[in-house]
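K.L.:
Prediction below, plus the sequence it came from.
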Amino acid sequence: MPDIRAVVVDPNAPAHLSLGTVAAPVPAPGEATIRVSAISLNRGETRAAQSAAAGARPGWDIAGVIEQPAADGTGPKVGQRVVGVLRTGAWAELVAVPTTNIAVLPDAVSFAQASTLPVAGLTALYALDRGDGLIGRNVLITGASGGVGNLGIQIAKHGGARVTGLVRQEKHLASVRAAGADFAVADETGLAAKEGGPFHLVLESVAGQVLGNVMNVGMMAPGGQVVCYGVSAGGQASFDSSVFLRGRITVSGLFVFTELQREGAGVGLTRLANMIAAGTLTPEIPVEASWTEIGAVAQQLLDRAYPGKAVLHVA
């Protein structure tokens, strides 16, 4: 097969990312080949690219059309519109994806919308699934203006929760309110979120001081759960270990690619795509551009210049 275009790590490019030429994928029997129409950016893969070797292939989220179905007969058929996820190398015009990690899109869901779902949407979905029900519960989402936060607020509200959204910058409060949060607050310590508690479930992506305060200052309801899926602020968190010994709080970590070892992404992606089709989930996409602008858009993400998700169209 001829070479294809793909996003590669380039230390001399903006945000160390540019378009290059790579070998076309050779699918395994259980993989379908997708002609990619849209990709979305996540902070994790973008940060990793800053220290990756030249020529490395980043990228997780894609949406497009099945060009070649899986040889083993599983998964979508040729011509079907789909969303999918890869552990690396998804940002290319043609990709081979395990059929377990692909979901067929309803007609009402655009490629741009679908491309926001794999990592951010699944992280929010899996974290909320860990809660002991959502109806009437108080849920705190830190880093609430990001991709996971935006989708998490909407899913939690649809499930009947009362949601508090915490951000570090006041300029992102409008985004959190628009997503449906009952209470939105900007504070780098996390303490200001206490007004929305006590919390039965916390989706935590900041770590450091915020995580410590959530666990130490009476913000949690008895038996509450904290699901940690990020450490955007870095640093150590200090807390009273007796909260574990007495069973007052449960804390767990969540890494989406570990979760996918238990259940293929296609199951959750189908749930999320159906929410969009039903009008109960609307990804916030403030930035849409050609993938030729990958470096500039990735740098904006690293600079926290926009809330929600950026989508790049592959053409």
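P.N.:
Cool, got the structure.
K.L.:
quick one, what contacts His16?
P.N.:
Going by CB atoms under 8 Å, 6 or more residues apart in numbering, His16 touches Val9, Asp10, Ala49, Gln50, Ala52, Gly295. Yep, even glycine has a C-beta here, placed from its N, CA and C like the rest.
K.L.:
leaving aside the residues next to it on the chain, what's closest to the second one?
P.N.:
The spatially closest residue to Asp10, leaving aside those adjacent along the chain, is Ser18, at 4.2 Å (CB to CB, 6 or more residues apart in numbering).
K.L.:
do you know how far that neighbour is from Arg47?
P.N.:
Remark: distance between Ser18 and Arg47 (CB to CB, to the nearest Å) = 17 Å.
K.L.:
what about Thr280, distance to Val267?
P.N.:
18 Å.
K.L.:
swap that for Glu284, sorry
P.N.:
As for Glu284, its distance to Val267 is 24 Å (criterion: CB to CB).
K.L.:
So if I had to pick from the two, which one is more boxed in?
P.N.:
Taking other CB atoms under 10 Å, Glu284 and Val267 do not tie; Glu284 has more neighbours (21 against 14).
K.L.:
Quick check: closest non-adjacent residue to that one.
P.N.:
Closest to Glu284 by CB to CB, 6+ apart is Gly308, at 3.0 Å.
K.L.:
Let me know whether my guess that that neighbour is in a strand holds.
P.N.:
No. Assigned with DSSP: H, G, I helix; E, B strand; the rest coil, Gly308 falls outside any strand and is coil.
K.L.:
what sits against it?
P.N.:
Thr116, Ser145, Gly146, Gly147, Asn150, Ser175, Pro283, Glu284, Ile285, Pro286.
K.L.:
Next: Thr189.
P.N.:
By CB under 8 Å, 6+ apart, the residues touching Thr189 are Gln209, Val210, Asn213.
K.L.:
where's it relative to Leu173, distance?
P.N.:
Following CB to CB, the distance that separates Thr189 from Leu173 is 16 Å.
K.L.:
Where does the record place the domain boundaries for this protein?
P.N.:
What automatic domain parsing lists as the domains of the chain is 4-119+264-313, 131-253.
K.L.:
Show me the one of the ones you listed that comes nearest Leu125.
P.N.:
Closest of these to Leu125 is domain 4-119+264-313, at 5.3 Å (criterion: CB to CB).
K.L.:
Pull the distance from stretch 20-31 to the chain's centre.
P.N.:
In terms of CA atoms, centre = their mean, to the nearest Å, the centre of stretch 20-31 is set 24 Å apart from its chain centre.
K.L.:
now the end-to-end length of it.
P.N.:
In stretch 20-31, first residue to last residue: 24 Å (CA to CA, to the nearest Å).
K.L.:
Tell me which residues of that stretch come out buried.
P.N.:
Gly20, Val22, Ala24, Pro25, Pro27, Gly30, Glu31 (16 or more other CB atoms under 10 Å).
K.L.:
Now the two most distant members of those.
P.N.:
Gly20 and Gly30, at 27.6 Å, using CB to CB across these.
K.L.:
on that earlier part again, so which of the buried residues of stretch 20-31 is the closest to Pro222?
P.N.:
Gly30 (45.6 Å).
K.L.:
what about the spatially most central residue of the chain, which SS state?
P.N.:
Centroid-nearest residue in the chain: Ala120, 1.2 Å away (criterion: CA atoms, centre = their mean). Ala120 falls in the helix class when you classify it by three-state DSSP.
K.L.:
what's the neighbour count on the closest residue to it other than its chain neighbours?
P.N.:
The shortest distance from Ala120 to any non-neighbouring residue, by CB to CB, 6+ apart, is to Gly147 (3.4 Å). Gly147 has 28 neighbours, counted by other CB under 10 Å.
K.L.:
in the stretch 151-300 of the chain, which spans are strands?
P.N.:
Assigned by DSSP state E, counting those that start in this stretch, the stretch 151-300 of the chain shows strands spanning 162-167, 183-186, 199-204, 220-228, 249-253, 287-290.
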